[in-house]
Structures are given as C-alpha cells and as structure tokens.
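Student: A structural model of the following input is requested.
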Amino acid sequence: VLESSQVPADDHPQTVTTVIDTETGETETYVKRDPLPWFAWDTHGEAGIYAGLARGSPALRLEARQGIFAVKALHAGVIASYDQLLAPSPFAPQGAGFVGVGVWMKW
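Tutor: Numbers count the residues shown, from 1 in each chain. Have a look, this model is predicted:
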C-alpha cells in the first residue's frame, strides 16, 4: 500500500486519482467531484418515524420515500406517510394517511 485516503460520502460521483513520482517515490492523491448526470435511475429509499404536532395534538408520523429517477439534483419518486395522534380530540380522527408522488432536491 502506497497511500490510503478517505473520501466523504456524497451523492455526487467522484474520481480519485493517485500519481507517483518515479524519481522521488512520493505519491499524491487527487479527488475530483464529477458533475451529476442529466438523467439517472434513483433506487434509494428511506423510512423514518417522527414526533411532533398534527392538527394541534401530539402525534407520531411514519414516513417512507422511494426514488424513481433523478434529473441532476432533482429527484422524483413516491412517498407515503401516516400520522397517529397520541391525544386525539373528539373532533379529529385518530389517524390519517397520505400516499402520493412528488419531487425533492438533494444537496
């Protein structure tokens, strides 16, 4: 092993190049952040649980998102969420769900 380096995780593609000076034996590593492609399939998904307020009451939210494709940093996919009220009022239902499609931007 001549050299080891760590590159921070990033959604952008990166090119790592290491060169060696044959006269001195020194190595140097370059990391170049490549541009995002104009179109790419997005197979990333995520799920989470959140605590907060919904309709004025304490609530838990379950949420899942699945990407389908991306144009540069703009991603398109599907999202689903469900809010469960922890202290429901008599005038509001205990839970509500949502399923839809949308776009989001990553940075």
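Student: who's sitting farthest from the centroid in the protein?
Tutor: Of all residues in the chain, residue 23 has its C-alpha farthest from the mean position, at 44.5 Å, by C-alpha atoms, centre = their mean.
Student: What values do phi and psi take at it?
Tutor: Phi and psi for residue 23, reported as degrees, to the nearest 10, are phi -80, psi -40.
Student: show me what contacts it?
Tutor: With contacts taken as C-beta atoms under 8 Å, 6 or more residues apart in numbering, residue 23 has no neighbouring residues. C-beta here means a position set from N, CA and C on the backbone, and glycine is covered the same way.
Student: any idea how far it lies from residue 51?
Tutor: Relative to residue 51, residue 23 is positioned 61 Å away (C-beta to C-beta, to the nearest Å).
Student: and the lowest-mean-pLDDT helix or strand in the chain, what does it pack onto?
Tutor: Lowest by mean pLDDT, DSSP states H and E among the helices and strands of the chain is strand 95-105, with a mean of 81. In terms of contacts (3 or more C-beta pairs under 8 Å, 6 or more residues apart in numbering; DSSP states H and E), strand 95-105 is packed against strand 74-85.
Student: Let's see that with 10 Å instead.
Tutor: Identification of packing neighbours for strand 95-105 by 3 or more C-beta pairs under 10 Å, 6 or more residues apart in numbering; DSSP states H and E yields strand 57-71, strand 74-85.
Student: Run through the chain and note the low-pLDDT ranges.
Tutor: Applying pLDDT under 70 to the predicted model, the residue ranges of the chain that meet it are 1-3, 88-89, 91-93.
Student: now with 80?
Tutor: Within the chain, the stretches falling below the threshold (pLDDT under 80) are 1-11, 54-57, 87-98, 106-107.
Student: Out of the helices and strands packed on strand 95-105, flag the one nearest residue 35.
Tutor: With respect to residue 35, and counting by C-beta to C-beta, the nearest of the helices and strands packed on strand 95-105 is strand 57-71 at 12.8 Å.
Student: In the sheet, which strands lie alongside the closest one, parallel or antiparallel?
Tutor: strand 40-41 (antiparallel), strand 45-54 (antiparallel), strand 74-85 (antiparallel) (DSSP bridges).
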